[in-house]
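Participant: Give me a model of this one.
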Amino acid sequence: MGIRSRRRRPAARSVAEPAEPMEKDNQDDRISSLPNDILVNILDRLKARAAVKTKVLSRRWSQLPDMLPRLTISARDLRPSKTKTSMSNNELFQRSNAAVVKATESVLAHRDLGGCTIDLLSTTFYLKDDAPISIGRTVGNAMATHKIEKVEFTVLTEKERQECTFDDMEKYGTRFVSFFNECLNAFAGLTRLCLQNLTFRESVIVSNILVTCKQLKYLDFHYCRTEGLILDVEHTQLSELSIVNCRFGLINLTMVPKLTRLVFEYWTAYKEPPLSFGYVPLLEVLSLATVHLSWHKMVKLSTFLYGSSVRDLRLCFRFEKIWVQPECLTKRLASVLHQLRIVNLVDIPEGYDLTWTMFILEAAPSVEELYMKVMDHPCEMHMDKEKRRANLFSENKGVEWKPPASHFKHHRLAKLIIFCFESLDYMVNHVRCVMKAAVNLQDVYLYNRLACNKCRNVMPPRLIKFPETVMGRHLEGKRLTWGIESPATIHFQITPVIRAEHRARTL
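Facilitator: A predicted model of the protein is given here:
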């Protein structure tokens, strides 16, 4: 029996060995048997490089990438890993751009002229050598022969913002102007354009972009400059505009009838925000952020936002001086804030009275959600006292405001969310103030401190007063609600677990 057993085992193995590849073949057959539209949907979720690689599987698979509705080709994805190559940075940028040129030409060359509509053609590339012009001409030709719904250019520079000198930005600006002038057909059909680290010697360049790119829906400027004094923005299709850390002089939103979202951040080179609102009837979402220095003017929302009717307002203070001037309730202020539904106050400096925020609730009776993040961020702040004085940072970051009359009631506020809450008098008093006024408040979410490992290297972490035990929360809840009749439920939340609907508001 022992001998028979030993003889049978090899035989069993020889029969069983083919089973695994047969299973694999069956799985491949099952995938290949799926309809084309499902396979294309699967490929559409992959990056361009991975999707193109499937062409080698079979004749049928070779045709599928040419049917993709969304084509996203990025130099970042195609850039060789620096750890796996001895190429210089210059060679890496050239190789990445060359890959984008090749991929763009290849993908578009194989598209059936009478075939599927291209829902999205998005290219990201570096502003270097002749590659941008090659990409622009290829895309421009494709627009003339194919039906393309959305076309996007994201233009990168070799150096990051922190590394860029003024000469670098001028050089990049000159390169972009050459690219722009050589590819007007492509720019005329763009729906999204993202630019960074450019200095334009003539302000007319920015105006030319707006005039030429008639189909633009989204325009993003990061760290761009021009010598002009006034920029009038007139565009019939633009729905989203982002201007971050730019110097364009005074920006007049003269006529932007479809604008719904605006990001305008960091005007530290100007005494007051160089922005005015003209005809922007659909503007709903507005994000404002800056670092306030001692020579800057305080911003009155009744004046600055006059002519707009924002529903979602984000104000970011970057851990420094509060730059919004609290105002008494007037018809003008009420007309500006009457449609507000969501208010997000971000990076409020620690340790200062928060009562000033109540003036927004007084003037905005329709607010339903109020978000606040109160914290210092040493790793992103100037901490040296001498350097702070030299750079004219304000010593007193707070702002004084007389609390609203005790009879003030707010009937629409349903949620109060505070990040980096501590059991300190000024925070507790503010929560109580809101709970007294908001008679229909449903939920109060109090998150503990948001962690930052970089801050630990700059300054030793201090003890945070936050109720972490069941008993501690019970006692803190009693302290917050003592003498107040409120229907609100208080939720003490421990980070890093943040509710999905709150996470985006922490940024």
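Participant: Surely Leu361 is in a helix?
Facilitator: Yes. The assignment for Leu361 by DSSP: H, G, I helix; E, B strand; the rest coil puts it in a helix.
Participant: Pull up the distance across stretch 340-353, start to finish.
Facilitator: Distance across stretch 340-353, first residue to last, is 23 Å (C-alpha to C-alpha, to the nearest Å).
Participant: Flag every buried residue along that stretch.
Facilitator: By neighbour count, with 16 or more other C-beta atoms under 10 Å as the criterion, the buried positions of stretch 340-353 are 340, 342-349, 352-353. Bear in mind the C-beta positions are built from the backbone N, C-alpha and C, glycine included.
Participant: Export the residues you listed to a markdown table and append columns for distance to Ser134.
Facilitator: A markdown table is the format used below for the buried residues of stretch 340-353 (distance: C-beta to C-beta, whole Å):
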| residue | distance to Ser134 |
| --- | --- |
| Leu340 | 47 |
| Ile342 | 44 |
| Val343 | 47 |
| Asn344 | 43 |
| Leu345 | 47 |
| Val346 | 42 |
| Asp347 | 42 |
| Ile348 | 48 |
| Pro349 | 49 |
| Tyr352 | 54 |
| Asp353 | 58 |
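Participant: Go through the residues you listed and name the one nearest Arg462.
Facilitator: For those, the residue nearest Arg462 by C-beta to C-beta is Pro349; the value is 14.9 Å.
Participant: any idea how far that closest one lies from Asn429?
Facilitator: Spatial separation of Pro349 from Asn429 under the definition C-beta to C-beta, to the nearest Å is 17 Å.
Participant: what about the closest residue in space to Arg79 that isn't next to it in sequence, distance to Glu327?
Facilitator: Take Arg79 and drop its neighbours on the chain: the residue closest to it by C-beta to C-beta, 6 or more residues apart in numbering is Ser96, 4.0 Å away. Ser96 sits at a distance of 51 Å from Glu327 (criterion: C-beta to C-beta).
Participant: Closest one of the buried residues of stretch 340-353 to Val155?
Facilitator: Using C-beta to C-beta as the measure, the one of the buried residues of stretch 340-353 that approaches Val155 most closely is Val346, at 28.4 Å.
Participant: before we move on, back to that, other residues contacting the helix or strand in which the residue nearest to Arg79 is found?
Facilitator: Ser96 is part of helix 89-109, with elements assigned from DSSP states H and E. Helix 89-109 is contacted by residues 48-49, 52, 65-66, 71, 73-76, 78-80, 82, 85, 87, 123-126, 128-129, 131-132, 134-135, 138-139, 141-142, 146, 158 when judged by C-beta atoms under 8 Å, 6 or more residues apart in numbering.
Participant: What segments of the stretch 101-250 of the chain are helices?
Facilitator: Counting by DSSP state H, counting those that start in this stretch, the segments of the stretch 101-250 of the chain that form helices are 131-145, 166-182, 184-189, 204-212.
Participant: Can you add mean neighbour count and distance to Trp401 and give these back as a markdown table?
Facilitator: As requested, the helices of the stretch 101-250 of the chain are arranged in a markdown table below (neighbours: other C-beta atoms under 10 Å; distance: least, C-beta to C-beta, whole Å):
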| stretch | mean neighbour count | distance to Trp401 |
| --- | --- | --- |
| helix 131-145 | 19 | 51 |
| helix 166-182 | 17 | 41 |
| helix 184-189 | 19 | 48 |
| helix 204-212 | 17 | 38 |
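Participant: Throw those helices into JSON lines and include mean pLDDT and distance to His296, thanks.
Facilitator: Formatted as JSON lines, the entries for the helices of the stretch 101-250 of the chain read as follows, by pLDDT from 0 to 100; distance: least, C-beta to C-beta, whole Å:
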{"stretch": "helix 131-145", "mean pLDDT": "95", "distance to His296": "38"}
{"stretch": "helix 166-182", "mean pLDDT": "97", "distance to His296": "23"}
{"stretch": "helix 184-189", "mean pLDDT": "97", "distance to His296": "36"}
{"stretch": "helix 204-212", "mean pLDDT": "94", "distance to His296": "24"}
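Participant: Is it possible to get TSV of the ones you listed that adds distance to Val100?
Facilitator: Listed next are these as TSV, based on distance: least, C-beta to C-beta, whole Å:
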stretch	distance to Val100
helix 131-145	6
helix 166-182	14
helix 184-189	14
helix 204-212	21
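Participant: gap between Cys452 and Cys420?
Facilitator: Applying C-beta to C-beta to Cys452 and Cys420 gives a distance of 11 Å.
Participant: And those two? Which one has more around it.
Facilitator: Per other C-beta atoms under 10 Å, whichever of Cys452 and Cys420 has more neighbours is Cys420, with 22 against 15.
Participant: Now that one: closest residue in space that isn't a chain neighbour?
Facilitator: Among residues not flanking Cys420 along the chain, Met375 sits closest, at 4.1 Å (C-beta to C-beta, 6+ apart).
Participant: the more surrounded of Ser96 and Glu327?
Facilitator: Regarding Ser96 and Glu327, a neighbour count based on other C-beta under 10 Å identifies Ser96 as having more, with 23 against 19.
Participant: if we can go back for a sec, give the burial count for the residue nearest to Cys420, as a bare number.
Facilitator: Neighbour count for Met375, taken as other C-beta under 10 Å: 18.
Participant: So what's the residue count around Arg161?
Facilitator: Burial of Arg161, expressed as a neighbour count using other C-beta under 10 Å, amounts to 12.
Participant: picking up where we left off before, out of the helices of the stretch 101-250 of the chain, which gets nearest to Tyr223?
Facilitator: Nearest to Tyr223, of all the helices of the stretch 101-250 of the chain, is helix 166-182, at 7.7 Å by C-beta to C-beta.
Participant: tilt between the closest one and helix 204-212?
Facilitator: Per axes from the mean of the first three to the mean of the last three C-alpha atoms, to 10 degrees, the angle that helix 166-182 makes with helix 204-212 is 30 degrees.
Participant: list the helices and strands helix 166-182 packs on?
Facilitator: Of the remaining helices and strands, those touching helix 166-182 by 3 or more C-beta pairs under 8 Å, 6 or more residues apart in numbering; DSSP states H and E are helix 131-145, strand 199-200, helix 204-212.
Participant: in the stretch 301-450 of the chain, which spans are strands?
Facilitator: Using DSSP state E, counting those that start in this stretch, the strands assigned to the stretch 301-450 of the chain run over residues 312-316, 342-348, 369-374, 415-419, 443-447.
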